[in-house]
Every structure is written in structure tokens, then in C-alpha cells.
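Participant: Give me a model of this one.
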Amino acid sequence: MSRQNVVILLDSSPMTWTSQEDRHLKLCEALVKRGAHPVLVFSEPLSIEFAARLRATGTELAAINYGKGIGHYLRRLRIIVNEHSITTAHIIFFDYFSALPWIARLAGIPNIIYEMQNSGEFQATSWRRSLLQLRARLMTLPAKRIIAISEFVKEQLIKGGLTKDKIVVRYLGVDTDRFLPDLSAREQLVREFHIRADELILSTVSYLRPFKNPQVLVQTCKELTLRQVGVRMFVAGDGAMLPGLKELSRELGVEDRIHWLGNVPDPKSLLQSSDVFVLASVGEAFGLVLAEAMACGLPIVGSRSGSLLEVVDEGRTGLLATPLDANDFADAIERLARDKSLREKMGRSALERVRKEFPLERAVSETIRIYESLWK
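Facilitator: Alright, predicted model coming up:
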């Protein structure tokens, strides 16, 4: 890899340091070791702390706000391309209808990679389906490679009209040195929230929006209460649905069973404190927090939908329930609540699966191989 192979990552600005930024950091470290010169472009300037961590790897940082218009973005990007001799753009966190691939091409970048991380299912029909497919093909035409973060996402991209031959599946990865089991963490949570010995600690981490279907988990708590299964559910996440979810928990009489934690910048300690991780999403793209929970030794109860069928080894690392079916979710949770040995066995298997299939190092090395396939 020669010095002129400069990589630029186009991304939205993170509110907090997350596992995605862990991946950026490790990716930049690996690129510098190979003689490349990484440049990360965010929509807003990073905090001093974040910037220092990334610059310490030898990475250049820049900020361009896409919200200020295509013309503004193109002008600013051209300056960066000329200053750093950019040869490759890796576009992340923009949907495939954005103009970023064309902006990158007009800025003079020859190798363009688009990475799809958005969740959801392509459901358009008839003439609208054809128009959306045409639009997607046109907007991603400059991209030489399209990274899908799961086979499910690849399927959705093909349904959306993207060229199959361009698509490469590369899963996200978890830093298993950071996310790992900690048996002492549960004891602290038990003391803080006065959790009884017969209560199962459930956790979920997600932005509270419709496709995540958090209302199903509230309904599940109600069903478990009727079955006299002791549970406490901790919800880490914020969003427009939160007031309605709190009201639903009051209506169902389970407000004492659910703890709304709001936005939690680092969910590691919550995951380590839990007995089971639950997720009711339909059409999840990958669910990085699923893999993080598994790395902490948790069995999963999730929807039999989207990428969960790939991330969770059903029956071995967790149980999958019928999407949107609170009774089926309650069945799975009750089974784990009443069988501690099964929980522990699945938790061990979950940890093994993440370390084997979804380590951060693997995601980084596979990403670099995609770059190198364009540099030959």
C-alpha cells in the first residue's frame, strides 16, 4: 500500500464516543500502519477529547455540514481532496438517496465506497417501487463497492434496486476487550434499585423510534406480571416515543417494573449488570448492541426478524420470538427466568460466538481488504 492511497470516511458527527468510533479508531490505526493517510470528515467539529484520540493515530480531521447544501459540501470537500490527495471515499451514515457518492465523484475521488447501516424493510410496491429503485441506482452509481452490514441488509439493498455485483457483506465488530462479562456489576445494580433475588434483570438499549417497537416490551412486562414472573426492565434510550411509553406502562400497571434511563452514552455497565438482553426491532440492520450484549455474556430474546436471524444463533445464544407478539416474547423470557442453567449456558455461547464471528479486528481487516480490492 503506497502513501498516495488516502482514505476519507464521510460520517455524521457522533454525540458520544460509541462502538462506531471504536471502529473508526482501530481502522485508522491499521491504515496508518499500512502507509495510508486517513482523513475523517464529520458533519460537525468533534470535541477536544474525541479529536485528540483520533489525531493520536495520525488521522486528519475535518468538518463539513451536509445540511448547508450540496454546493457547500462540494466546495469544502474539493479543498480537502486537493490538500490530502484523496483517492478513496468511504461513505457511512448517509442513506442511499443522498448525493454524497456524486459529490465525492465531482470532488475528484476515483474510488467510492458506500456503507449501508440503516435499518428497515423495503416495502414499496407498484410504480412507487420502480421509482425508488431507479432513484437508488442513480444515486449510488458512482460507488464501486457497497458494504452491507448483514445479509439482511444486502437483501434490502437488492430489493431497493442496487446492483448485486457491487454489494459486499461485512459485519460490524465489537471490541471484546471493552465489552466483556463482569459479575460484580449486577450486585451494584441490585443494591441501587433494590432488586429482589427472584427478579430477572432485563435490559434494552435503543433509540426509541417506531421500528424498534419498544411498546412490545412494555406489553411483555404486563404479560410476565400476569404470569407472576418477577422481572425488572431497564431501558437505555431516548426519543419521541418516551412520553407515550411511560404512559403505556402506567396504563398497564407496570411502571414499577420498568426503569427509563434516558440516553446512556456507554451502555457497557448496564449490559454487564443484566441477566437477559431484549430487543423487539423489526428489520434491524445488524444491532451492534446485540453483539455488545452477547460479548458481556448475555443471552438474547429478540424478534425473529431482520439481522437478528444472523447475529443470534437461535436456541444456542438466545431465543427469538414472533415480531410484535408480546405473548411470544413473554414465553421466551419466562423460559429463561425459570431456568438459570439455560441462561448461563446461552450466555457462555453468546460470548464465544461474538469472539469468533464479530470481533472488531475482523471488521477492520475486512474493511481494509475492500479498500485494497480497489487499489490494485
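Participant: alpha carbons only for contacts and neighbour counts from here, please
Facilitator: Noted.
Participant: Can you name the residues bridging to the nearest residue to residue 257 once chain neighbours are set aside?
Facilitator: Ranked by CA to CA, 6 or more residues apart in numbering and with sequence neighbours excluded, the top spatial neighbour of residue 257 is residue 232, at 4.9 Å. Residue 232 forms beta bridges with residue 201, as assigned by DSSP bridges.
Participant: got a list of what residue 232 touches?
Facilitator: 195, 199-202, 257-259 (CA atoms under 8 Å, 6 or more residues apart in numbering).
Participant: Check residue 31 too.
Facilitator: Counted by CA under 8 Å, 6+ apart, residue 31 has contacts 37-38, 368.
Participant: Can I have the buried ones of those as a ChimeraX selection?
Facilitator: The ChimeraX command for the buried members of the contacts of residue 31 (criterion: 16 or more other CA atoms under 10 Å) is given here:
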select :37,38
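Participant: Make CSV out of the contacts of residue 31 and add secondary structure and pLDDT.
Facilitator: Listed next are the contacts of residue 31 as CSV, based on DSSP: H, G, I helix; E, B strand; the rest coil; pLDDT from 0 to 100:
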residue, secondary structure, pLDDT
37, coil, 89
38, coil, 93
368, helix, 94
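Participant: Which stretches in the stretch 51-200 of the chain count as helices?
Facilitator: 70-84, 100-106, 126-139, 151-159, 183-193 (DSSP state H, counting those that start in this stretch).
Participant: Least confident of those, on average?
Facilitator: The weakest mean pLDDT among the helices of the stretch 51-200 of the chain belongs to helix 126-139, with a mean of 86.
Participant: Buried residues, that one. List them.
Facilitator: Per 16+ other CA under 10 Å, helix 126-139 contains these buried residues: 129, 132-133, 135-139.
Participant: Tabulate the residues you listed (CSV), appending distance to residue 149.
Facilitator: Formatted as CSV, the buried residues of helix 126-139 follow (distance: CA to CA, whole Å):
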residue, distance to residue 149
129, 23
132, 21
133, 20
135, 21
136, 18
137, 19
138, 21
139, 19
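Participant: Closest one of those residues to residue 47?
Facilitator: Of all the buried residues of helix 126-139, residue 139 has the smallest distance to residue 47: 31.8 Å, by CA to CA.
Participant: Distance check, the residue nearest to the closest one when sequence neighbours are not counted against residue 64.
Facilitator: Closest residue to residue 139 apart from its sequence neighbours, by CA to CA, 6+ apart: residue 97 at 5.9 Å. Separation of residue 97 from residue 64 (CA to CA, to the nearest Å): 19 Å.
Participant: just residue 370 next, same as before
Facilitator: Applying CA to CA to residue 370 and residue 64 gives a distance of 25 Å.
Participant: So which residues of the stretch 1-150 of the chain form strands?
Facilitator: Taking DSSP state E, counting those that start in this stretch, the strands of the stretch 1-150 of the chain run over residues 6-10, 39-42, 60-63, 86-92, 111-116, 145-148.
Participant: between these, which one is nearest to residue 352?
Facilitator: strand 145-148 (23.6 Å).
Participant: Could I get the average pLDDT for the closest one?
Facilitator: pLDDT averaged over strand 145-148 gives 96.
Participant: Please write out the alpha-carbon positions of it in CSV.
Facilitator: Output in CSV follows, covering the C-alpha atoms of strand 145-148 (Å, rounded to 0.1, in the frame of the first residue of the first chain):
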residue,chain,number,x,y,z
ARG,A,145,-18.4,-1.0,-3.8
ILE,A,146,-21.4,-1.1,-1.5
ILE,A,147,-20.9,-2.6,2.0
ALA,A,148,-23.9,-4.3,3.6
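Participant: give the contact list for residue 261.
Facilitator: Taking CA under 8 Å, 6+ apart, one finds 234-237 in contact with residue 261.
Participant: now the residues you listed in CSV, with neighbour count, secondary structure and distance to residue 86?
Facilitator: Output for these, formatted as CSV (neighbours: other CA atoms under 10 Å; DSSP: H, G, I helix; E, B strand; the rest coil; distance: CA to CA, whole Å):
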residue, neighbour count, secondary structure, distance to residue 86
234, 21, strand, 45
235, 24, strand, 42
236, 21, strand, 39
237, 19, strand, 37
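Participant: can you list those in JSON lines and add pLDDT and distance to residue 300?
Facilitator: JSON lines is the format used below for the contacts of residue 261 (pLDDT from 0 to 100; distance: CA to CA, whole Å):
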{"residue": "234", "pLDDT": "98", "distance to residue 300": "15"}
{"residue": "235", "pLDDT": "97", "distance to residue 300": "15"}
{"residue": "236", "pLDDT": "95", "distance to residue 300": "16"}
{"residue": "237", "pLDDT": "91", "distance to residue 300": "18"}
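Participant: Need the max-distance pair from these.
Facilitator: Of all pairs in the contacts of residue 261, the most separated under CA to CA is 234 and 237 at 9.7 Å.
Participant: what sits in contact with each of the two?
Facilitator: What both residue 234 and residue 237 touch, as defined by CA under 8 Å, 6+ apart, is the set 260-261.
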